[in-house]
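K.L.:
I'll drop the sequence and a predicted model, then ask my questions.
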Amino acid sequence: MGIKQYGLIGYPLTHSFSEKYFAEKFEREGIEDCRYDNFPIDQIEMLPALISSYENLIGLNVTIPYKQVVSRFLDDLSEEASAIGAVNTIRIEGGRLSGFNTDAFGFEISLGELLGGVSDVQALVLGTGGASKAVTYVLKQKDIDFQLVSRQESEDVLTYRDVTADVLSEFQLIINTTPVGMYPRIEECVDLPFEALTQQHYLYDLIYNPELTTFLQHGKAAGARIKNGLEMLILQAEKSWEIWNQIPAEQ
């Protein structure tokens with residue numbers, strides 16, 4: 001078969017963690033017949049041509065802005081990806097494209113370590129995109145009540161100007177699923193009344209570059225428990241590898 005090809009689709013991909021991670025994984029584990037590349041495509045309609053041009057393509061990761069729209073190019077979805085409404089992993093086998101979501105797996109384990117067994121919290125989820133859908137799926141599974149926040153006003157969704165100090169006192173867990181504050185625009189931050197944060201708050205940022213976003217800096221200054229998205233990324237990447245290679249989950 002030759003070299004097995006894997007990669008990442010999204011646009012832009014200047015922020016990508018996956019290419020470096022898998023290159024290091026292949027070297028560390030002595031995997032010589034595989035390569036992983038970034039495939040920045042500026043429209044999702046380019047996906048079929050990309051796939052047809054790599055005859056040894058086995059798997060793809062999917063990132064911003066295609067996690068929700070990619071499903072229309074797939075032959076089937078896992079039960080979890082279907083329930084979440086977002087795909088971040090595609091397995092290519094015998095011409096069939098199967099969609100999965102490993103973000104939820106990574107987030108659930110990572111969030112559990114941040115909360116340290118605490119369960120009586122309510123969450124503010126910043127953003128309503130594909131990553132947000134995996135996060136809210138996990139929160140539902142863990143029976144954590146949540147409130148979505150977005151720049152756009154819509155039913156059951158708060159805008160940032162609706163989030164007052166009183167609102168922050170009700171929601172101890174704040175999760176940023178937006179790209180605001182991601183490298184290179186590291187000075188940017190979601191607009192919240194951070195002066196209302198306390199040591200009882202937990203701040204989780206799905207961004208991993210920079211390691212300490214402005215959002216997390218506000219939490220750290222208030223004595224809140226904070227966490228970035230690096231562990232989640234590593235967990236979801238390894239889960240993607242298991243799916244592509246159909247490695248049974250450890251019992």
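P.N.:
Right, received. Where do you want to start?

K.L.:
any residues touching the strand or helix carrying Leu124, and which ones?
P.N.:
Per DSSP states H and E, Leu124 falls inside strand 123-126. Residues outside strand 123-126 that contact it (Cβ atoms under 8 Å, 6 or more residues apart in numbering) are 132, 135-136, 139, 144-150, 163, 167-168, 171-178, 190. Quick note: C-beta positions are derived from backbone N, CA and C, even for glycine.

K.L.:
tell me what the very next helix or strand once past that strand is packed against?
P.N.:
Later in the chain than strand 123-126, the nearest helix or strand by DSSP H and E is helix 130-141. The contact analysis (3 or more Cβ pairs under 8 Å, 6 or more residues apart in numbering; DSSP states H and E) places helix 130-141 against helix 79-84, helix 103-115, strand 123-126, strand 146-150.

K.L.:
give me that answer again for 6 Å
P.N.:
The contact analysis (3 or more Cβ pairs under 6 Å, 6 or more residues apart in numbering; DSSP states H and E) places helix 130-141 against helix 79-84, helix 103-115, strand 123-126.

K.L.:
Can I have the buried ones of the contacts of strand 123-126 as a PyMOL selection?
P.N.:
Applying 16 or more other Cβ atoms under 10 Å to those, the buried members can be selected in PyMOL as follows:
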select buried, resi 132+135+136+139+144+146+147+148+149+150+163+167+168+171+172+173+174+175+176+177+178+190
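
K.L.:
neighbouring strands for the strand or helix carrying Leu8, and are they parallel or not?
P.N.:
Here Leu8 sits within strand 4-10, counting by DSSP H and E. When pairs are called by DSSP bridges, strand 4-10 turns out to pair with strand 34-40 (parallel), strand 57-62 (parallel).

K.L.:
average model confidence for the last one?
P.N.:
Along strand 57-62, the predicted local confidence has a mean pLDDT of 97.

K.L.:
mind exporting it as CSV, just the C-alpha atoms?
P.N.:
Provided in CSV are the C-alpha atoms of strand 57-62 (Å, rounded to 0.1, in the frame of the first residue of the first chain):
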residue,chain,number,x,y,z
LEU,A,57,-5.6,8.5,2.6
ILE,A,58,-7.0,6.6,5.6
GLY,A,59,-8.1,9.3,8.0
LEU,A,60,-8.7,13.0,8.5
ASN,A,61,-9.2,15.3,11.4
VAL,A,62,-11.6,18.2,10.9
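
K.L.:
what angle do that strand and helix 130-141 make?
P.N.:
Angle between the axes of strand 57-62 and helix 130-141 is 80 degrees (criterion: axes from the mean of the first three to the mean of the last three Cα atoms, to 10 degrees).
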